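Trainee: Just the structure for this:
(one chain, ligands or ions: 5)
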Amino acid sequence: MMILTFLISCTFLRSYALLQPEQIHLSWTERENEMRVTWVTNINTTTYVAYRPVMCPSAVYSDKWTNVSANTIKFNKGEIIVLFQFIHTAIMTGLKHDCFYEYYIVTAWGKSEPYMFSGRTPDYEPPYDDAKNEIDILVFGDWGTGSNSLYVKNMLDQHIKIRNFLGVIHLGDIAYNLDQEDGQTGDDFLNQMQPVAARFAYMVIPGNHERTSNFTHYKERFRMPVNEANGGNSCFYSFNLGPAHFLMMDTEVYLHDYLRDSQLTETNWIAQDLEKANKERDIRPWIIVTSHHAFYCSVNHALSPECGVQSYLYNALFEEMWNYYGVDLFLEGHVHNYERDTPIYKNETVKSEYDDLHMHKNPNAPIYIVSGNAGNKRGHNDPIPEVLMPWTVFMHEDYGYGLLKVFNKTHLYWEQYSAMTGDTIDYVWIVKDRLRYDKPNY
Ligand SMILES: *[C@@H]1O[C@H](CO)[C@@H](O)[C@H](O)[C@H]1NC(C)=O
Ligand SMILES: *[C@@H]1O[C@H](CO)[C@@H](O)[C@H](O)[C@H]1NC(C)=O
Ligand SMILES: *[C@@H]1O[C@H](CO)[C@@H](O)[C@H](O)[C@H]1NC(C)=O
Ligand SMILES: *[C@@H]1O[C@H](CO)[C@@H](O)[C@H](O)[C@H]1NC(C)=O
Ligand SMILES: *[C@@H]1O[C@H](CO)[C@@H](O)[C@H](O)[C@H]1NC(C)=O
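Mentor: Ligands and ions are numbered 1, 2, ... in the order given. Have a look, this model is predicted:
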């Protein structure tokens, strides 16, 4: 009898787990006032998201739940064996900037925990009411599962309880790898990410570890804003948030000759995107570019191609564009450490109106920051060189992540944490009272 009960409950628990929604993550879309939620079940089941506004300042509080049924795809996550999972997405619409939203996922068998997120979403069309408001975004690169990833996991899970953010940017290299172990590693990672990604828009770009089978796992598991050039592949896109424009680029394509068409498509799109962002500079003075590979970093060139040949390649393609459009800040991953550099143009520090260790006033070139050390599977394999580059301000090897705060049109602040000690290990202010560089070319 006991054995029978045991068997029944095992079967019960197993099918229960199969039906439960997992890997819940949010992302912004290409439209305003929307949030996309993506989740996974292991069998095909009717499922939907239920959401409602909460904590609105005015009297729009509503007890009414809106239900949106999922759009479902059947995805073979296996490589050696065929293993299907069902990836569901639904878009919550009509969001208001000054409300929060409570939601949960419902399946035939039950529902997820409730989660809450902010109704502030990207601002694509006038009136740009949100452009004056502060934004806080967590940023990291190169994060997987396993023991090296736990420092950031533990700190992030606490951090999100005491502070509010709008979004999280993951600068590529996700899970090590999404496709590994017939997709189990990707599932484990997205479950590890869920406490954070179910509450804040989780915006990703691809790194070299997402390359398998033409980025299939990346494209199926993540849905980023669609534009005409990316055709919905989630690899490169942009969004306006508060006083900043974010250009999220895919550097991986430029390393593969067979992707020549994709390179041209993306490069043309980047030029158009920056042209438009630059025209709206009086509304949104900050232009921030993110990429997986580093354009400037200091790891010994002889030992690693990343800060040598690869960065030369990228700078040859793009540095004039950053300079012409006056990009303010460049956030990059790939290299497994933390590095903050001065404003750089053509491999040299460019003086600002005022510079000190923690502040640049009216810089004349982009400031480069590598935050590629959230916890990769290889550990500390990009040691700090004995001799730093002339433009390196600060480097650190601890696993950790950063926080970007754009206070307003004139003040941007960045800080980096060590998740091993819990300390803030570095910070910098960028202050500017003009829209872009004075000297685009010199
Ligand atoms: C929406 O979902 C909630 C919670 O699952 C349910 O109670 C409600 O009846 C649903 N509303 C509609 C209109 O289907
Ligand atoms: C899930 O099952 C329903 C009902 O049997 C079917 O209509 C639908 O096509 C299935 N979805 C997928 C993605 O296989
Ligand atoms: C890879 O995917 C992109 C779309 O993201 C597509 O344009 C391209 O043709 C694919 N390449 C191959 C070799 O399948
Ligand atoms: C950049 O400058 C450093 C140090 O001054 C030098 O070692 C390196 O070769 C330079 N890189 C390029 C691409 O010129
Ligand atoms: C912008 O933010 C900074 C930092 O919080 C603050 O000192 C400054 O007064 C703000 N400027 C405006 C115009 O609000």
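Trainee: mind checking how far whichever residue of the stretch 101-250 of the chain sits closest to ligand 4 is from residue 230?
Mentor: At 20.3 Å from ligand 4, residue 249 is the closest residue in the stretch 101-250 of the chain, using Cβ to the nearest ligand atom. Backbone N, C-alpha and C define where each C-beta goes, glycine included. Distance, residue 249 to residue 230, using Cβ to Cβ, to the nearest Å: 11 Å.
Trainee: any shared contact partners between these two?
Mentor: Here residue 249 and residue 230 have 236, 266 as joint contacts, going by Cβ atoms under 8 Å, 6 or more residues apart in numbering.
Trainee: the more surrounded of the two?
Mentor: residue 249 (26 against 19; other Cβ atoms under 10 Å).
Trainee: Could you find the closest non-adjacent residue to residue 183?
Mentor: residue 77 (2.9 Å; Cβ to Cβ, 6 or more residues apart in numbering).
Trainee: In contact with residue 138, which residues?
Mentor: Contacts of residue 138 (Cβ under 8 Å, 6+ apart): 156, 159, 165, 167-169, 196, 200, 401-404.
Trainee: Mind doing that once more with 6 Å?
Mentor: By Cβ atoms under 6 Å, 6 or more residues apart in numbering, residue 138 lies in contact with 165, 168, 403.
Trainee: ditto for residue 432
Mentor: residue 362.
Trainee: would you put the C-alpha positions of stretch 362-376 in PDB?
Mentor: Presented in PDB, the C-alpha positions along stretch 362-376 are these (Å, rounded to 0.1, in the frame of the first residue of the first chain):
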ATOM      1  CA  ASN A 362      31.600  66.600 -21.000                       C
ATOM      2  CA  PRO A 363      33.600  63.700 -22.400                       C
ATOM      3  CA  ASN A 364      34.700  63.700 -26.000                       C
ATOM      4  CA  ALA A 365      34.600  60.000 -26.800                       C
ATOM      5  CA  PRO A 366      32.800  56.900 -25.500                       C
ATOM      6  CA  ILE A 367      33.700  55.500 -22.000                       C
ATOM      7  CA  TYR A 368      34.200  51.700 -22.300                       C
ATOM      8  CA  ILE A 369      33.300  49.300 -19.500                       C
ATOM      9  CA  VAL A 370      33.700  45.500 -19.500                       C
ATOM     10  CA  SER A 371      31.400  43.800 -17.000                       C
ATOM     11  CA  GLY A 372      31.900  40.200 -18.200                       C
ATOM     12  CA  ASN A 373      32.300  38.400 -14.900                       C
ATOM     13  CA  ALA A 374      28.900  37.300 -13.500                       C
ATOM     14  CA  GLY A 375      30.200  33.700 -13.300                       C
ATOM     15  CA  ASN A 376      31.200  31.700 -16.300                       C
END
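Trainee: what does that stretch rub up against?
Mentor: 139-144, 148-149, 152, 294, 296-297, 322, 327, 329-341, 343-345, 350, 352-353, 399, 401-402, 432, 437.
Trainee: sec struct for residue 247, please.
Mentor: Here residue 247 is strand, with the state taken from DSSP: H, G, I helix; E, B strand; the rest coil.
Trainee: measure it to residue 269 for me?
Mentor: Residue 247 is 10 Å from residue 269, by Cβ to Cβ.
Trainee: of these two, who's got more company?
Mentor: residue 247 (22 against 19).
Trainee: give me the residue from this structure nearest ligand 4.
Mentor: residue 347 (3.8 Å).
Trainee: For that residue, give me the pLDDT.
Mentor: Per-residue confidence for residue 347 comes out at a pLDDT of 95.
Trainee: OK, contacts around residue 104?
Mentor: Counting by Cβ under 6 Å, 6+ apart, the residues that residue 104 touches are 50, 111-112, 114.
Trainee: phi, psi of the residue of the stretch 101-250 of the chain closest to ligand 4?
Mentor: When read as degrees, to the nearest 10, the backbone of residue 249 gives phi -100, psi 160.
Trainee: Could you check how far it is from residue 318?
Mentor: 8 Å.
Trainee: what's the answer for residue 395, then?
Mentor: When residue 395 is compared with residue 318 (using Cβ to Cβ), they lie 23 Å apart.
Trainee: which helix is the longest one in this protein?
Mentor: helix 260-279 (DSSP state H).
Trainee: now the next helix-or-strand element following that one, how far from the centre of its chain.
Mentor: Downstream of helix 260-279, the next assigned helix or strand under DSSP states H and E is strand 286-291. Mean C-alpha position of strand 286-291 versus that of the full chain (Cα atoms, centre = their mean, to the nearest Å) differs by 12 Å.
Trainee: quick one: the strands in the stretch 301-442 of the chain?
Mentor: For the stretch 301-442 of the chain, the strands defined by DSSP state E, counting those that start in this stretch cover 329-332, 338-345, 348-349, 354-356, 359-361, 367-371, 392-396, 400-406, 411-418, 424-431.
Trainee: Flag every residue of the chain that's near ligand 1.
Mentor: Contact residues (Cβ under 6 Å from any ligand atom) of the chain with ligand 1: 50, 65, 67, 106.
Trainee: Write the ChimeraX selection for whichever of those residues are buried.
Mentor: Per 16 or more other Cβ atoms under 10 Å, the buried members of the residues of the chain next to ligand 1 correspond to this ChimeraX selection:
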select :50,106
